[in-house]
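In: Predicted model follows, preceded by the sequence.
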Amino acid sequence: MNKKLTITVTALAMVGLLSGCNTPDVPLVNTDNTSECVQIDKKLIKVDEFIATISGMTASQAEEYIVAMPAYEITNSADKSRMLKDANKRRNKLTAQHQQMGCPSTSKK
């Protein structure tokens, strides 16, 4: 019994040593760039949802929507066509920034 226990403990110790547990933790991805990419992705999603919402409304509904829920980071206008134009400009700007930072592409095809 003592011999089996000694062999088992020795085997587990050898497996532990050979498993590479002593390698330093090196991140595979730059975390600063990743967090900025995530922030840009969230902004892109918000702009895309805004465009989809406004596109499905009539002009009067869009005007009421923007008064009730202002989106100053996307547009300052109450005109539907101007809102969509501003939102598309914002999306293009964020997409360019996303590509410039070298973030992985998240576009759906």
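Out: Here it is on my side, so go on.
In: Number of residues surrounding I66?
Out: Other residues near I66 number 22, with proximity taken as other CB atoms under 10 Å. Heads up, the C-betas are built off the backbone N, CA and C, glycines and all.
In: so how far is stretch 1-12 off the chain centroid?
Out: When distances are taken as CA atoms, centre = their mean, to the nearest Å, stretch 1-12 is centred 49 Å away from the chain's centroid.
In: Please disregard the earlier target; I meant stretch 54-68.
Out: 27 Å.
In: Same question for stretch 52-70.
Out: When distances are taken as CA atoms, centre = their mean, stretch 52-70 is centred 26 Å away from the chain's centroid.
In: Residues touching it, excluding its own?
Out: With contact meaning CB atoms under 8 Å, 6 or more residues apart in numbering, stretch 52-70 is reached by 75, 77-80, 83-84, 87.
In: Mind listing what's buried along the helix or strand that R90 is a member of?
Out: With the criterion set as DSSP states H and E, the secondary-structure element containing R90 is helix 80-100. Of the residues in helix 80-100, 80, 83-84, 86-87, 90-91, 94, 98 count as buried by neighbour count, 16 or more other CB atoms under 10 Å.
In: Which secondary structure elements does that helix sit against?
Out: Other elements packing on helix 80-100 under the criterion 3 or more CB pairs under 8 Å, 6 or more residues apart in numbering; DSSP states H and E are helix 31-55, helix 59-68.
In: try 6 Å this time
Out: Other elements packing on helix 80-100 under the criterion 3 or more CB pairs under 6 Å, 6 or more residues apart in numbering; DSSP states H and E are helix 31-55.
In: Report the inter-axis angle for the helix it packs on versus helix 59-68.
Out: Using axes from the mean of the first three to the mean of the last three CA atoms, to 10 degrees, the interaxial angle of helix 31-55 with respect to helix 59-68 works out to 140 degrees.
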